[in-house]
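Q: got a structure for you, letters missing:
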Ligand code: NAD
């Protein structure tokens, strides 16, 4: 498929290929939609097998960011950057400064920061060339670790799901299986235990399980594969994407799937299957929007309480999505897309009002 056909298919606005012969930088910046405001989305660094895969990733992820920003009430559009390279061996000051220069050429149409393969200190170099970077370390005016606010939002989202299914958002006594005791999973477990939930955890890294059990001896642990078979009320994926699939769905014994991981559904049809089985799915890009809300807040001068207040709004957003899903008899992942599209249409039409500069 030609590039314009591909852009037309997704409604992409702009694709920028950046090459710097001195540093060897090869980067693609995709801006999907700026109806709501400047595009916001991370910069991924990955050793893609070829340029087609790099382009496809940039396009797919930038579209996802449009929906994530819109559904979480941000005045931002969606964009994403990819750097084609090996994050272990190819990073340098000059590479990230060259990347910063290209970001700057977009004049504020696109803001970016960390994603898979990059970390906040990489972009300290990029800020030497452009102010259009977010998610920076606190000593550079950034908002710091986003996993704390992400876990807070996931906890609120789990409560919204509980309210929808059981008529009360109390998690006291609810049996919750948490996949992944990393940064977000670890903070989430603390919120859940504070409410009296009964936790089973798994992680591929045994030390992460040990760390949780040392702090909270009443947390049970199972092997990584056994987590899908745990008899529980809520399954909270906080590790990998693609874990809701043909193999795992028949094994789930929960009533709710709600967790932090990105791209939880292997394919959209797996969202249909959860719906058919009456398992309530909290769409990932809505429930895990806390990190995005935090970096978007940085652009207004980061205010901790404001960012947490907005993140608490994930509760209400998911409530609306569950209601759209019920009323229109559609799966929740489609209801989330509808909510995002409605916001883009409603706020976007304000542009028709002429205001003198
Ligand atoms: P992390 O790397 O700190 O934690 C992930 C954990 O999952 C690690 O402890 C890892 O050992 C474990 N893990 C990996 N494979 C596993 C498997 N097969 N079974 C069980 N455990 C496994 O990452 P994180 O920041 O906690 O993010 C967790 C998820 O949430 C990711 O999907 C991430 O994309 C998503 N997310 C994170 C943020 C954020 O602010 N950090 C924001 C939005 C979404």
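A: Cool, got the structure. Please read all numbers here as calculations on a predicted model, not as lab measurements.
Q: State which one residue of this protein is found closest to the ligand.
A: residue 182 (1.8 Å; C-beta to the nearest ligand atom). Quick note: C-beta positions are derived from backbone N, CA and C, even for glycine.
Q: Just the helices from the stretch 1-150 of the chain, written as ranges.
A: 3-10, 51-71, 93-105, 122-126, 147-166 (DSSP state H, counting those that start in this stretch).
Q: Off-centre distance for the third one?
A: The chain centroid and the centroid of helix 93-105 are separated by 24 Å, computed with C-alpha atoms, centre = their mean, to the nearest Å.
Q: List the buried residues for it?
A: Across helix 93-105, burial judged by 16 or more other C-beta atoms under 10 Å covers 95-104.
Q: Just list what it packs against, helices and strands only.
A: Judged by 3 or more C-beta pairs under 8 Å, 6 or more residues apart in numbering; DSSP states H and E, the packing partners of helix 93-105 are strand 14-20, strand 25-33, strand 77-84, helix 122-126.
Q: and these as JSON lines, adding mean neighbour count, distance to residue 163 and mean pLDDT?
A: Formatted as JSON lines, the helices and strands packed on helix 93-105 follow (neighbours: other C-beta atoms under 10 Å; distance: least, C-beta to C-beta, whole Å; pLDDT from 0 to 100):
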{"stretch": "strand 14-20", "mean neighbour count": "16", "distance to residue 163": "41", "mean pLDDT": "98"}
{"stretch": "strand 25-33", "mean neighbour count": "25", "distance to residue 163": "32", "mean pLDDT": "98"}
{"stretch": "strand 77-84", "mean neighbour count": "28", "distance to residue 163": "29", "mean pLDDT": "98"}
{"stretch": "helix 122-126", "mean neighbour count": "23", "distance to residue 163": "38", "mean pLDDT": "96"}
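Q: Which positions in the stretch 251-357 of the chain make contact with the ligand?
A: 260-262, 288, 291 (C-beta under 6 Å from any ligand atom).
Q: most surrounded residue in the residues you listed?
A: Within these, most neighbours by other C-beta atoms under 10 Å means residue 260, with 30 neighbours.
Q: isn't that one right next to residue 288, touching?
A: Yes: contact criterion C-beta atoms under 8 Å: residue 260 and residue 288 qualify, at 4.7 Å.
Q: Please enumerate the strands of this structure.
A: With strands called from DSSP state E, the chain shows them at 14-20, 25-33, 39-40, 43-46, 77-84, 110-111, 175-179, 198-202, 220-221, 234-237, 256-257, 280-281.
Q: partners of the fifth one in the sheet?
A: According to DSSP bridges, strand 77-84 forms sheet pairs with strand 25-33 (antiparallel), strand 39-40 (parallel), strand 43-46 (parallel).
Q: now those in a markdown table, with distance to the ligand?
A: Formatted as a markdown table, those follow (distance: least, C-beta to the nearest ligand atom, whole Å):
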| stretch | distance to the ligand |
| --- | --- |
| strand 25-33 | 18 |
| strand 39-40 | 13 |
| strand 43-46 | 11 |
